[in-house]
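*Asks:* Pasting a predicted model and its sequence here:
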Amino acid sequence: MWTQENRGRYDRRGQRYPSDLTDAEWALIEPLIPPAKRGGNKRTVDLRAVV
């Protein structure tokens with residue numbers, strides 16, 4: 001239900017796309033992403049944008 005409390009929690013106006021992750025959502029997902037492999041190139045893609 002859309003209460004005043006929930007409206008602030010799910011406000012997406014400051015983001016580029018409605019599907020962009022908030023900092024709190026990213027904090028839950030980031031530990032699950034494996035690190036880049038050793039010896040390879042550094043990642044050139046922002047994984048947060050991909051997710």
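*Replies:* Structure received.

*Asks:* Following the worst-scoring helix or strand of the chain on mean pLDDT in sequence, what is the next regular element?
*Replies:* Every helix and strand in the chain was compared by mean pLDDT, DSSP states H and E; the lowest is helix 4-9, with a mean of 72. Using DSSP states H and E, the helix or strand that follows helix 4-9 in sequence is helix 23-29.

*Asks:* For that next one, which outside residues touch it?
*Replies:* Contacts with helix 23-29, where a contact means Cβ atoms under 8 Å, 6 or more residues apart in numbering, come from 21, 48, 51. Using the backbone N, CA and C atoms, a C-beta is placed for each residue, glycine as well.

*Asks:* With residue 41 as the reference, measure out to the first one.
*Replies:* The spacing between residue 21 and residue 41, counted by Cβ to Cβ, to the nearest Å, is 25 Å.

*Asks:* Of these two, give the one with the bigger neighbour count.
*Replies:* Comparing residue 21 with residue 41 by neighbour count (other Cβ atoms under 10 Å), the higher total belongs to residue 21, at 15 against 7.

*Asks:* tell me the contacts of that one?
*Replies:* 29, 48, 51.

*Asks:* Can I get those in JSON lines including pLDDT and neighbour count?
*Replies:* Shown next, in JSON lines, are the contacts of residue 21 (pLDDT from 0 to 100; neighbours: other Cβ atoms under 10 Å):
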{"residue": "29", "pLDDT": "94", "neighbour count": "12"}
{"residue": "48", "pLDDT": "85", "neighbour count": "14"}
{"residue": "51", "pLDDT": "83", "neighbour count": "14"}
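
*Asks:* on that earlier part again, so can I have a markdown table of the contacts of helix 23-29 showing distance to residue 35?
*Replies:* Formatted as a markdown table, the contacts of helix 23-29 follow (distance: Cβ to Cβ, whole Å):
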| residue | distance to residue 35 |
| --- | --- |
| 21 | 19 |
| 48 | 15 |
| 51 | 15 |
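
*Asks:* and the residue of the chain most remote from its centre, which of the three is it?
*Replies:* Relative to the centre of the chain, and counting by Cα atoms, centre = their mean, the farthest-placed residue is residue 39 at 26.5 Å. At residue 39, secondary structure determined by DSSP: H, G, I helix; E, B strand; the rest coil is coil.
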